[in-house]
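*Asks:* Predicted structure and sequence below. I'll ask about it afterward.
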Amino acid sequence: MGIILTTSTVVPLVVFIALLALGGYILARRRAMTSTGGDSRRLHSLPSYYGYNAVMSVTVPALLALGIWLLVQPMFVQSSVMEMIPAQAVPEGSSVNLVMRDVRRLAEGLDNAVQAGVMTSAEATDLTATDGLRMWLAEQGVAIGGDINPEILAAAQAYREMNLTGHVARNLVVVLLALAGVLLALRESHAEFRARNRVELGIKALLILAASLAILTTLGIVLSMLFETINFFRLHPWTDFFFGSSWAPNFRGDSDLSILPLLWGTLYISLIALLVAVPIGLFAAIYLSEYAGPKVRATAKPLLEILAGIPTIVYGLFALLTVGPFLVQVFGRGEAGFLGVDWMSGATSVLTAGLVMGIMLIPFVSSLSDDIINAVPQSLRDGSFGLGATQSETIRQVVLPAALPGIVGAVLLAASRAIGETMIVVLGAGAIARVSANPLEAMTTITTRIVSQLTGDSDFASPETLVAFALGLTLFVLTLGLNVLALYIVRKYREQYE
């Protein structure tokens, strides 16, 4: 096979579909007009609808088939090639997944060599000698990782052949579907055809698909984490994960993988962050919406919202270089500290991360709360003033209760952001998993451990790596519980003030 067809051929294929759809639009519109002798009043729909129907008939089936093929082919090829790898080709201490990674690298290296012209496609397919192959490819600028033995080379050649065959079949199927679509649209382009109804139905289906995208994405994320979590609990006892007291991963085996120290650090840091962000953000929102004049509001609110645009890594550096050393001067180093105590030994602590994270969350609470408070009808305020209430009494007894559902939503958003934060915790809180009530000690969170367990060239079949998916699923359930609680509160107060 002399032509190398890789995923880069997707772009020309999409261009071909677009050009065919454009041609179908012109031809279908012209054919519809011809069927009535050029009198558009005799058509069921406007002439453009017949063109739009041709565009839909070409693009929808072709692009749908292309998308499904791009998702299914890599999984099918990888599973087929993995079955070809004999057990003796897997080194001791390794796994078939790591061997498959070398197979893909070798196959990509051979493809690059063919595309660069340093070998023909026939030579890449028939190549059987393994002695010096790595060095030979390296001389041609192709870097290959892992040992090259006959089994790996045979698997790489099979991987290339199956991909080449899949690309040819994919292109053929997509082109045939596109051509069939334009022929069908031209056949339907006559005066009696209800083109407008077909196009409206297609637009409705597109809108339903867009509305379902968030649900399907969430479902896919949950299922992917759920399956890997099940694999984790097959290798590691669930009692140790949920009820153990220590976190000590060891990639050589015999690890202590308990979520409790990580969950404690996550909730502790998030609680401190909310204790900082909610009062300051809510008071700022009350001032901006009820007391500040137009000029002050127009200046203060954008300045406050600038905090939301600062990258979290900058907040992390601020915690590490400024807030942490300041807290050490206050609470640590014995007589050198401002208070003359020695409670804090390093700049990383729960308090450091919580304070900085709270500063980061202030604009989330203040901006959303400000919008919600401004949405409270002015008639409620006027009625309170008419009964003799002061402005502070009106805010406390009328405005805030009426805006409470929205304020709960703002606090929930801030809590979710705090639970999922990573960089501030890495730089400000440290990486020690412990259960302690002392906010001046270093701790860690679930998100930072997920990153550390998935970082590196680790095996995805080991419990030390699969634990990241169990941690992620637990974090998802925790956030879902917060959403359910907030929904209950919102519905309860909404019934009273609507």
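*Replies:* All right, it came through fine.
*Asks:* Can you give me the buried ones in the host helix or strand of Gly181?
*Replies:* Gly181 belongs to helix 150-188 when assigned by DSSP states H and E. By 16 or more other C-beta atoms under 10 Å, the buried positions in helix 150-188 come out as 151-160, 162-164, 166-167, 170-171, 174, 177-178, 181-182, 184-186, 188. (C-beta placed from N, C-alpha, C; glycine too.)
*Asks:* Next, the buried residues of stretch 368-386.
*Replies:* Buried residues in stretch 368-386, counted by 16+ other C-beta under 10 Å: Leu368, Ser369, Asp370, Ile372, Ile373, Val376, Arg381, Ser384.
*Asks:* what mean pLDDT does it have?
*Replies:* For stretch 368-386, mean pLDDT rounds to 87.
*Asks:* Show me how far that stretch is from its chain's centre.
*Replies:* Here the centre of stretch 368-386 is set off from its chain's centre by 37 Å, with C-alpha atoms, centre = their mean, to the nearest Å.
*Asks:* start to end distance for that stretch?
*Replies:* The straight-line separation of the ends of stretch 368-386 (C-alpha to C-alpha, to the nearest Å) is 28 Å.
*Asks:* ok, and what's touching that stretch?
*Replies:* Outside stretch 368-386, the residues that touch it by C-beta atoms under 8 Å, 6 or more residues apart in numbering are 281-282, 284-286, 288-290, 301, 391, 393-394, 397-400, 402-403, 405-407, 409-410, 413.
*Asks:* mind redoing it with 7 Å?
*Replies:* Contacts of stretch 368-386 from elsewhere in the structure, counted by C-beta atoms under 7 Å, 6 or more residues apart in numbering, are 281-282, 285-286, 288-289, 394, 398-399, 402-403, 406-407, 409-410, 413.
*Asks:* go on, stretch 395-413?
*Replies:* Stretch 395-413 has contacts (C-beta under 7 Å, 6+ apart) with 278, 282, 286, 290, 364-365, 368-369, 372-373, 376, 380-381, 384, 482-483, 486, 489-490, 493-494, 497.
*Asks:* 6 Å instead, please
*Replies:* Here stretch 395-413 makes contact (C-beta atoms under 6 Å, 6 or more residues apart in numbering) with 278, 290, 364-365, 368-369, 372-373, 376, 380, 384, 482, 486, 489-490, 493-494, 497.
*Asks:* That stretch: which residues count as buried?
*Replies:* Buried residues in stretch 395-413, counted by 16+ other C-beta under 10 Å: 395, 398-400, 402-412.
*Asks:* biggest separation within these, which pair?
*Replies:* Val398 and Leu412 (23.0 Å; C-beta to C-beta).
*Asks:* Show me the shaky parts of the stretch 151-300 of the chain.
*Replies:* 251-253 (pLDDT under 70).
*Asks:* any idea which helix is longest in the chain?
*Replies:* helix 195-235 (DSSP state H).
*Asks:* If I take that helix and helix 150-188, what angle do their directions form?
*Replies:* On the basis of axes from the mean of the first three to the mean of the last three C-alpha atoms, to 10 degrees, helix 195-235 is oriented at 160 degrees to helix 150-188.
*Asks:* now for helix 195-235, which elements pack on it?
*Replies:* The elements that helix 195-235 packs onto, with contact taken as 3 or more C-beta pairs under 6 Å, 6 or more residues apart in numbering; DSSP states H and E, are helix 47-84, helix 463-497.
*Asks:* Need the contact partners of the very next helix or strand once past it.
*Replies:* Next along the chain after helix 195-235, taking DSSP H and E as the criterion, comes helix 238-243. For helix 238-243, the external contacting residues (C-beta under 6 Å, 6+ apart) are Leu257, Ile259.
*Asks:* Buried residues, helix 238-243. List them.
*Replies:* For helix 238-243, by 16+ other C-beta under 10 Å, it's Phe241.
*Asks:* State the next helix or strand along the chain beyond that helix.
*Replies:* Using DSSP H and E, the helix or strand that follows helix 238-243 towards the C-terminus is strand 247-248.
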